[in-house]
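>>> Here's my sequence, what's the structure:
(2 chains)
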Amino acid sequence: DTAVSQTPKYLVTQMGNDKSIKCEQNLGHDTMYWYKQDSKKFLKIMFSYNNKELIINETVPNRFSPKSPDKAHLNLHINSLELGDSAVYFCASSPQYSGANVLTFGAGSRLTVL
Amino acid sequence: KQEVTQIPAALSVPEGENLVLNCSFTDSAIYNLQWFRQDPGKGLTSLLLIQSSQREQTSGRLNASLDKSSGRSTLYIAASQPGDSATYLCAVDSGTYKYIFGTGTRLKVLA
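Predicted coordinates for the structure are as follows:
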């Protein structure tokens, strides 16, 4: 019973296309995140949402548009894909903000832009 | 701005050895610190979370310590096994709805 699930797991597309990655969590968590892991395996926060509200937008180009229809879902839409967008995108969630804020990750979505 | 560094970047040890992975952070005002494991091509698995008021946490052969004042955490792995081979990441929660990740330590345990 997957806690944080992302689809698709792999995505190969041409430059200039628009694509979406979906994320769902069944943990009842209030906060959800998108992280990007580059080719050097460095993980960097992109967005965080708390109860459907955008909290953090970490200077991500506006070609990236997250959408949270409810607190269990956080989708990521990317317009006009560029070569540099190739990376693994991880969705994560955590309980309402507290000292014991355990972060739970999805399996990742590997995006390759040709 | 919080920065998190992990040393060493890579480590190769024979099976059975005890080992220590290090994590340093620049801003000591943290809520908690979490250690993760990432297997190749997979997501991250949470290993241990230490709240700012705690000094250490233990789970099986793993022990994580936290020294907020010096901006350091260590992950101690006892009696290492080949199945421990993975990349280990520490992440710091500074109370800003984002975890800042370290650069990771790639561990290989040789049989």
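>>> which ones are touching the residue positioned nearest the centre of chain A?
Note on chain A: the residue nearest the mean C-alpha position is residue A:34, at 3.0 Å, using C-alpha atoms, centre = their mean. Contacts of residue A:34 were listed using C-beta atoms under 8 Å, 6 or more residues apart in numbering or on different chains, and they are A:23, A:45-48, A:66, A:74, A:76, A:89-92. Glycine gets a C-beta too; all of them are placed from N, C-alpha and C.
>>> 10 Å instead?
Residue A:34 is in contact with A:6, A:21, A:23, A:44-49, A:56, A:58, A:60, A:64, A:66, A:74-76, A:89-92, A:106, A:109, counting by C-beta atoms under 10 Å, 6 or more residues apart in numbering or on different chains.
>>> pLDDT wise, what is it at?
At residue A:34, the pLDDT value in this model is 95.
>>> Secondary structure element for it, which one?
In this assignment (DSSP states H and E), residue A:34 forms part of strand A:31-37.
>>> Quick one: name whatever helix or strand follows that strand.
For strand A:31-37, the following helix or strand on the C-terminal side (DSSP H and E) is strand A:43-50.
>>> quick one: strands adjacent to that next one?
Strand A:43-50 has its sheet partners listed here by DSSP bridges as strand A:31-37 (antiparallel), strand A:53-57 (antiparallel).
>>> can you give me how far the longest one is from the chain middle?
In terms of C-alpha atoms, centre = their mean, to the nearest Å, the centre of strand A:31-37 is set 4 Å apart from its chain centre.
>>> for stretch B:16-24, same thing?
Distance, stretch centre to chain centre, for stretch B:16-24: 9 Å (C-alpha atoms, centre = their mean).
>>> Check whether it comes near chain A.
No. If you take C-beta under 10 Å from any C-beta of the partner chain as the test, stretch B:16-24 misses chain A, and the best it gets is 13.6 Å.
>>> I'd say residue A:35 and residue A:89 touch.
Yes. Using C-beta atoms under 10 Å, residue A:35 makes contact with residue A:89 at a distance of 7.3 Å.
>>> Out of the contacts of residue A:34, which end up buried?
Buried residues within the contacts of residue A:34, defined by neighbour count using 16 or more other C-beta atoms under 10 Å in any protein chain shown: A:6, A:21, A:23, A:45-49, A:56, A:60, A:64, A:66, A:74-76, A:89-92, A:106, A:109.
>>> In strands, which of these fall?
Using DSSP state E, the subset of the buried ones among the contacts of residue A:34 located in strands is A:6, A:21, A:23, A:45-49, A:56, A:64, A:66, A:74-76, A:89-92, A:109.
>>> got the residues of chain A near chain B?
With C-beta under 10 Å from any C-beta as the criterion, chain A meets chain B at residues A:4, A:6, A:9, A:31, A:33, A:35, A:37, A:40-50, A:54-56, A:58, A:88, A:90-92, A:94, A:97-108, A:110.
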